[in-house]
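Undergrad: Here you go, sequence then predicted model.
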Amino acid sequence: MMNKAWGLEVGGWRRTRASAAGAHRSSLQAPHFKLAASQRGFTLLEMIVAVGIFSIVMLLATGAYLTLINLNRQVQGVNTVVTNLSFVLEDMARNIRTGSQYCVGGCSTSRFTYRNTQGQTVEYTLDNAGAVTRTIGAATEELTDPAHMTVSSLRFYPVGYAKGDGIQPHVTIVLIGTAKVQNGNPVTFDIQTTATERLIDL
């Protein structure tokens, strides 16, 4: 009959039509895979621990970065103060070098006078606000800004200004004070320079 199972027998081995069809169906089924332990995802606890460690590292890195920014601002503030002080001292020394008749209007450790190239009397002194001032005639100007730095001491040590003493006139200038640095502690400075008159006056 046509609907009956039929089979082939080859060398003593018999395979029926039904068994062949079953084997064919099993071969068409989707294969099943078993994931290895290393292919599984993270657990909730592992994720919490990872996020916590990452947060701590980022917090430390941010703190260090902000500290470096603050230090950089302080260094820039100190450099600005030093630059301003150097400019003031250099300006004073250059004008005193080209001048003459040191102590023409009288001198003291906190006051220095001389005549400039136009024959005007120039006076350097320290005002009550802690600023270095220069007076030419009736005009007075501040050479330092008390909002950024306070000069607590301005000293002049002139030598050789007396006629016939055999010493070339020169003066040593000493500045002592504190500078106000943004987002930092005040910086103390103590600097000096010496100016010698260019005209021979022995």
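TA: Nice, thanks for sending it over.
Undergrad: what residue lies at the spatial centre of this protein?
TA: Centroid check for the chain by Cα atoms, centre = their mean gives N72 as the closest residue, at 1.6 Å.
Undergrad: tell me what the host helix or strand of that residue is packed against?
TA: Element membership for N72 (DSSP states H and E) is helix 44-98. Here helix 44-98 touches strand 132-136, strand 149-159, strand 170-179, strand 187-196, going by 3 or more Cβ pairs under 8 Å, 6 or more residues apart in numbering; DSSP states H and E. C-betas here are computed from N, CA, C, even on glycine.
Undergrad: Contacts for the shortest one, please.
TA: The contact list for strand 132-136, computed with Cβ atoms under 8 Å, 6 or more residues apart in numbering, reads 88, 92, 116, 120-127, 140-144, 151, 154, 175.
Undergrad: Adjacent strands (with direction) for that strand?
TA: Here strand 132-136 is paired, per DSSP bridges, with strand 121-126 (antiparallel), strand 139-142 (antiparallel).
Undergrad: Show the model's pLDDT score for the residue nearest to the centre of the chain.
TA: We note a pLDDT of 80 for N72 in this prediction.
Undergrad: From G130, how far out is it?
TA: Note on N72: its distance to G130, by Cβ to Cβ, to the nearest Å, is 27 Å.
Undergrad: ditto for V187
TA: 15 Å.
Undergrad: Repeat that for L199.
TA: L199 sits 33 Å away from G130, going by Cβ to Cβ.
Undergrad: And for V57?
TA: In this view, V57 and G130 are 47 Å apart by Cβ to Cβ.
Undergrad: Comparing those two, which shows the higher neighbour count?
TA: G130 (17 against 10; other Cβ atoms under 10 Å).
Undergrad: Figure out the helix or strand that V181 lives in.
TA: Applying DSSP H and E, one finds V181 in no helix or strand.
Undergrad: Please look at it and V78 and confirm they touch.
TA: Yes. At 6.0 Å, V181 counts as touching V78 under the criterion of Cβ atoms under 8 Å.
Undergrad: Many thanks, have a good one.
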